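# here's a sequence, model it:
(2 chains)
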Amino acid sequence: MKILVCIKQVPDSAQIRVHPVTNTIMRQGVPTIINPYDLFSLEEALRLRDKFGGEVTTLTMGPPMAAESLRKTLAIGADRAILLTDRFFAGADTLATTYALAQAIQKIQKTWGDLDLVFTGKQTIDGDTAQVGPGVAKRLNLLQLTYVSKIVEADAEKREVVIERRAEGGTQVLKTKMPCLIAMLEGTNEVRRGSISDSLRAARAEIITWSAKDAEIEDLGKCGLKGSPTIVKKVFAPPVRTDRAAFVEPGKNAGESADVLIEAIFKRHPALEEDMTKLASGF
Amino acid sequence: MIEEKFDAIVIGAGMAGNAAAYTMASRGLNVLQLERGEYPGSKNVQGGILYADMLEKIIPDFREEAPLERHLIEQRFWMMTDRSHTGMQYRSDDFNEEKPNRYTIIRSQFDRWFNKQVQAAGAIVISETTVTELVSDAYGKVIGVRTDRAGGTIFADVVVLAEGVNGLLGARAGLRPTPKPEHVALAVKEMHFLPRETIEARFNLHGDEGVVIEAAGTISKGMTGMGFVYTNKESISVGMGCLVSDFAENDETPYGMLEVFKKHPSIAPLIEGSEVKEYAAHLIPEGGYKTIPELFGDGWVVVGDAAQLNNAIHREGSNLAMTSGRLAGEAIFQVKSRRDPMTKQNLALYKKYLDDSFVMKDLKKYKDMPALLHTQAQNFFLTYPTLVSKAMENFLRVDGTPKIEKEKASVRAFREKRSLTGLFGDAWRLARAWR
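Got it, this is the predicted structure:
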């Protein structure tokens, strides 16, 4: 089975900072990770490969440093990784991104044969649009299965796949023909830890790097900023919800410290004290 | 799977591990380096000061690219009581040289850069991988390692243990004892973020100049320990450390002491208004020369903190780590280029290099110091600072008392607290340990 997984390198949202004046995300110095949603799709792709044979290719569009994330996919177990990088791609919105990815996927099929499945994450944690997966499917005329919670059955012979999909008010069970695009839901599997041989192979592997020309992209006007009709009108940071932590002087023993702590909590949240007193009076 | 065999496997990507891996890889050896953290540097903690000389010997032009914070132009030593400090301060424009001698660094950034150089030199580096076991042959020679990843043993002619102060691997393999509580200090630090300009104004600095404050006295409550303040570009590292055994005996907590240190009237104004973004803790080997374990054996060498190579008196650790890593790398390269096996006998070359270097000479010089400071902690960290502070106050406060009486009072205070024999004894012991 020939499977492709699209991934994205994103800033680690746990460590992100918003610039206090410009309200833009400060990416500098923030560690990057593979978009966590993509990993569930990668794991599902690897499971299918392990079962049916074949190969898993990972693809990303991004700056040269995104090669690091691709290398990680190899260490997890992917067979081949392709980085689509070119200054023409800079500033792309989802429309321009799906165009470039779709073109690159066609080039991949030309080079290594037709794909049976394309996987994407549900969405990315930095853009949160959930548009790229469906966009790629549309451009490649692939059937699309989104919000997939389980791959029930895949039949390489009949070229059919049965999945469970989270839907409003229940679960849909859908059967469709390959090739198709699948976006896995988070938490649907446990991402594997590659073996030491995978790590060594990844460390030595060459990440295949394609420019727009290498990927044989037809219309550069549809790429990057030029091909992106989306305009960001305003960026603002939500009001900070948490207060700064307050330090209380501990008491002589655990009991006294607890008293001090409770008093400090009640002082900040008088309603809590009322509730507690009401509750306590019942005993 | 195909059996993997390397010239050397380096365990750990801190200063010692990176120095060893770089030295060997840049000389053409086939090196694998394994790091348990998410990336090299992610788990590494230091105050931290980088001594340029030792890094220059490994990467001569490091200043062009390495993430350095500030070069140090001023050192303050503070003897503290609860409300005062008596200081000695050295500041020199000579430290504003073309190639400065000391820098503050942030290890998570620096080590990541250092490791990039290791990779560029040709070593294979694998992170998020913990070595679980050293593999030995029937004769006890270390021949490889096993990791927490599936896939069995990776083989190597020699394994360099650079696993840090509390490295369990060497201890588990019986190559060295686990460090005793009285031989390791536990240091905690916080990174206080402030705008550059604020830091530069508070410490009287221009551009990338930096200051270090090192403080000892009643802040450690009679225990062997010290506090520090280091200036980074946009943050101030404030920390405090004491011997682990002292914390246990005195029922004190490191963070509790750091809180007190931060509130000290001499420290608080320096960090006022800052935002704490990081909190870290680390063990520091303080046992000195007498606690250095066996440094080499059949198929292995140990470097850096794992080998207890730390000069507590001069607060030098990372440079000893770098140097021991480099010397181990050079020794291994020598043995390899002679096509000799990595036996205990041949790897003794590493110990010889180390003995001939400042590392062992310095540690030997202070071999009695850790024990002295530990047994005399009350005097060195409580009594003397208090007496010095009293004497200074006595000297400076003008209240109509004749000066001769003031002097006598100060001398009397010293004698009462510590007795003449005690004073001479301490001076004698200190001089001997220093020699």
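
# residues touching the closest residue to chain A within chain B, list them.
Of all residues in chain B, B:Gly151 sits closest to chain A, at 3.7 Å by CB to the nearest CB. Yep, even glycine has a C-beta here, placed from its N, CA and C like the rest. Residues near B:Gly151 by CB atoms under 8 Å, 6 or more residues apart in numbering or on different chains: A:Ser195, A:Ile196, A:Ser197, A:Asp198, B:Met1.

# what about the second one, how many neighbours?
The one in question is A:Ile196. 24 (other CB atoms under 10 Å in any protein chain shown).

# verify the stated contact: it with B:Arg149.
Yes - taking contacts as CB atoms under 8 Å, A:Ile196 lies within contact range of B:Arg149: 4.4 Å.

# hey, what's in contact with both of the two?
With CB under 8 Å, 6+ apart as the test, A:Ile196 and B:Arg149 both reach B:Thr129.

# tell me which element B:Lys262 is part of?
Using DSSP states H and E, B:Lys262 falls within helix B:254-263.

# and whatever helix or strand comes next after that helix, what's buried?
Once helix B:254-263 ends, the next helix or strand along the chain (criterion: DSSP H and E) is helix B:268-271. Of the residues in helix B:268-271, those buried by neighbour count under the rule 16 or more other CB atoms under 10 Å in any protein chain shown are B:Leu270, B:Ile271.

# what does stretch A:270-278 give?
Buried, per 16+ other CB under 10 Å, within stretch A:270-278: nothing.

# and if you look at stretch A:185-205?
Neighbour counts over stretch A:185-205 (16+ other CB under 10 Å) mark A:185, A:188-189, A:191-192, A:194-203, A:205 as buried.

# got the end-to-end distance for it?
29 Å (CA to CA, to the nearest Å).

# now that stretch: mean pLDDT?
Stretch A:185-205 comes out with an average pLDDT of 94.

# stretch B:331-342 now?
97.

# then it to CSV, C-alphas only?
This file holds the C-alpha atoms of stretch B:331-342, laid out as CSV (Å, rounded to 0.1, in the frame of the first residue of the first chain):
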residue,chain,number,x,y,z
ALA,B,331,43.3,9.7,24.0
ILE,B,332,40.8,7.4,22.2
PHE,B,333,41.9,8.9,18.9
GLN,B,334,45.5,8.1,19.7
VAL,B,335,44.8,4.5,20.7
LYS,B,336,42.6,4.1,17.6
SER,B,337,45.3,5.5,15.2
ARG,B,338,47.8,3.1,16.6
ARG,B,339,45.3,0.4,15.8
ASP,B,340,45.5,-0.7,19.5
PRO,B,341,42.5,-2.2,21.3
MET,B,342,40.5,-0.1,23.7
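
# how far does that stretch sit from the chain's center?
Here stretch B:331-342 shows a centroid-to-chain-centroid distance of 30 Å under the convention CA atoms, centre = their mean, to the nearest Å.

# any weak-confidence spans in chain A?
A:19-25, A:27-28, A:240-242, A:282-283 (pLDDT under 70).

# would you map out the domains in the chain?
As the question left the chain open, I've gone with chain A. A:2-222, A:242-283 (automatic domain parsing).

# um, chain B though
Taken from automatic domain parsing, chain B resolves into B:5-67+B:105-177+B:293-365, B:182-285, B:369-434.

# roughly how far is the shortest one from the heart of the chain?
Spelled out, it's domain B:369-434. 29 Å.

# flag every residue of the stretch 251-400 of chain B that's near chain A.
B:Glu259 (CB under 8 Å from any CB of the partner chain).

# now the strands for the stretch 251-400 of chain B?
B:275-285, B:296-297, B:300-302 (DSSP state E, counting those that start in this stretch).

# now the stretch 101-250 of chain A
A:117-121, A:143-155, A:160-167, A:170-177, A:180-184, A:208-210.

# of those, which is nearest chain B?
Short answer: strand A:208-210, nearest of the strands of the stretch 101-250 of chain A by CB to the nearest CB, at 17.6 Å.

# report the strands that pair with the closest one, each with its relative direction.
Sheet pairing here is set by DSSP bridges, and for strand A:208-210 it gives strand A:80-84 (parallel).

# doesn't B:Gln75 make contact with B:Asn101?
No - using CB under 8 Å, B:Asn101 is not in contact with B:Gln75, being 11.4 Å away.

# what's the burial count for residue 131?
Since you didn't name a chain, this refers to chain A. So A:Gln131, with other CB under 10 Å, has 17 neighbours.

# meant chain B actually
Neighbours of B:Val131 under the rule other CB under 10 Å: 23.

# and if you look at B:Gln109?
For B:Gln109, the tally of surrounding residues (other CB under 10 Å) stands at 15.

# and stretch A:176-183, what's buried?
Neighbour count says stretch A:176-183 has A:Thr176, A:Met178, A:Pro179, A:Cys180, A:Leu181, A:Ile182, A:Ala183 buried, by 16+ other CB under 10 Å.

# ok, now how distant is the residue nearest to B:Lys390 when sequence neighbours are not counted from B:Val131?
The spatial neighbour of B:Lys390 that comes closest, neighbours along the chain excluded (CB to CB, 6 or more residues apart in numbering or on different chains), is B:Ala413 at 5.9 Å. Taking CB to CB, to the nearest Å as the criterion, B:Ala413 is separated from B:Val131 by 56 Å.

# A:Leu142 now?
For A:Leu142, the distance to B:Val131 - CB to CB - is 44 Å.

# state the pLDDT value of B:Ile2.
So B:Ile2 comes in at 60 (pLDDT).

# do B:Arg435 as well
So B:Arg435 comes in at 64 (pLDDT).

# count of neighbours near the closest residue to B:His183 other than its chain neighbours?
In space, and not counting its chain neighbours, B:His183 is closest to B:Gly287: 3.2 Å by CB to CB, 6+ apart. For B:Gly287, the count of nearby residues is 22 (other CB under 10 Å).
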